[in-house]
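In: pasting a predicted model and its sequence here:
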Amino acid sequence: MPFLDRYYAGKQLSGRLRAYAGNPNAGVLALPRGGVPVGFEVARALDLPLDIFLVRKLGVPGHEELAMGAIASGGIRVLNEDVIKSLAISSPEIEEVAQREAEELTRREREYRGDRPAVEIRGRTLILVDDGLATGSTMRAAVTALRREQPERIVVAVPVGARDAYDHIRAIADEAVCLEAPEDFFAVGDWYFDFRPTSDAEVRDLLARAEKERTSQYAKRE
């Protein structure tokens, strides 16, 4: 059955991730924008820090729908050497696209996170969350990029995803959790009663709320 909305989906998803609750070496990374409401509820239920992980596709010049690589938060760059060689894409062309996408990624990082520092990646268990998997290309890029930073463990968690996309993710993540993986999958939005776009303001608000709630919890414990 469809989920009520992204927040409800996040609450349901957190039930499958209880093994990580309160883990001091774990954190939740949400893919903006739709993954942030899901990740917010997961992080809240598991008492884990929440942050974003941005990924920008590097499209082939003139054929931008075809990816020749991706860049991600933290200055991470992943290139698809097979595509680059087969299309004889030059280094200057790659740099031009990468620079343009890096500027947009930096702008979004600043807009979403503000002055808050990014969560530590190296040596940690990271729960990578989105609102669903259609082709899974963005999530694959995110996992590949995160591997470069040597986390201890990458857990991909989504409420719903196409079966073939989920199978691909399971092959590259240390663990993958998907509540619904139907073979007759058409679109992520079909699995939500309310699938209104998540706004930039909502992303900023959720990140701020997550940090405020954790700060308040620590103060009470002390």
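Out: Now that the structure is in, tell me what you want to look at.
In: mind listing what the lengthiest strand in the chain pairs with, with the direction of each?
Out: Counting residues, the longest strand found in the chain (DSSP state E) is strand 63-72. Take DSSP bridges as the rule and strand 63-72 pairs in its sheet with strand 55-60 (antiparallel), strand 76-79 (antiparallel).
In: what residues does the longest one touch?
Out: Right, the one you point to is strand 55-60. 31, 65-73, 79, 83, 87, 89, 94, 97-98, 101-102, 104-105, 137-138, 141-142, 145 (CB atoms under 8 Å, 6 or more residues apart in numbering). C-beta: built from backbone N, CA, C; applies to glycine.
In: please identify the buried residues of the helix or strand encompassing Asp167?
Out: Following DSSP states H and E, one finds Asp167 within helix 163-172. The neighbour-count check on helix 163-172 (16 or more other CB atoms under 10 Å) flags Ala165, Tyr166, His168, Ile169 as buried.
In: list the contacts for the last one?
Out: So that's Ile169. Leu133, Gly136, Met139, Arg140, Val143, Val156, Gly161, Ala176.
In: pick out the most distant pair among these.
Out: Within these, Val143 and Gly161 form the most distant pair, 13.5 Å apart (CB to CB).
In: neighbour count for the two, which is higher?
Out: A count of neighbours by other CB atoms under 10 Å puts Gly161 above the other of Val143 and Gly161, at 29 against 24.
In: how about the contacts made by the nearest residue to the more buried one once chain neighbours are set aside?
Out: Excluding its sequence neighbours, the residue lying closest to Gly161 (CB to CB, 6 or more residues apart in numbering) is Leu133, at 3.0 Å. Leu133 sits next to Met139, Val158, Val160, Gly161, Ala162, Ala165, Tyr166, Ile169, Cys178, Val188 when contact means CB under 8 Å, 6+ apart.
In: closest to Gly114 out of the residues you listed?
Out: Met139 (25.4 Å).
In: could you give me the buried positions within the helix or strand harbouring the closest one?
Out: Using DSSP H and E, Met139 maps to helix 137-147. The neighbour-count check on helix 137-147 (16+ other CB under 10 Å) flags Thr138, Met139, Arg140, Ala141, Ala142, Val143, Thr144, Ala145, Leu146 as buried.
In: what of stretch 114-130?
Out: Val119, Ile121, Arg124, Thr125, Leu126, Ile127, Leu128, Val129, Asp130.
In: can you give me the first-to-last residue distance of it?
Out: This stretch, stretch 114-130, spans 21 Å end to end (CA to CA, to the nearest Å).
In: tell me the mean pLDDT for that stretch?
Out: If you average the pLDDT over stretch 114-130, you get 91.
In: over to stretch 84-93?
Out: 94.
In: distance check, Arg209 against Glu202.
Out: Using CB to CB, to the nearest Å, we find Arg209 at a distance of 10 Å from Glu202.
In: the two: which is more packed in?
Out: Comparing Arg209 with Glu202 by other CB under 10 Å, the one with more neighbours is Glu202, at 17 against 13.
In: how close does that one get to Pro61?
Out: From Glu202 to Pro61 the distance is 33 Å (CB to CB).
In: do a quick rundown of the helices in the protein.
Out: Per DSSP state H, the chain carries helices over the ranges 6-14, 35-46, 81-86, 91-113, 137-147, 163-172, 200-221.
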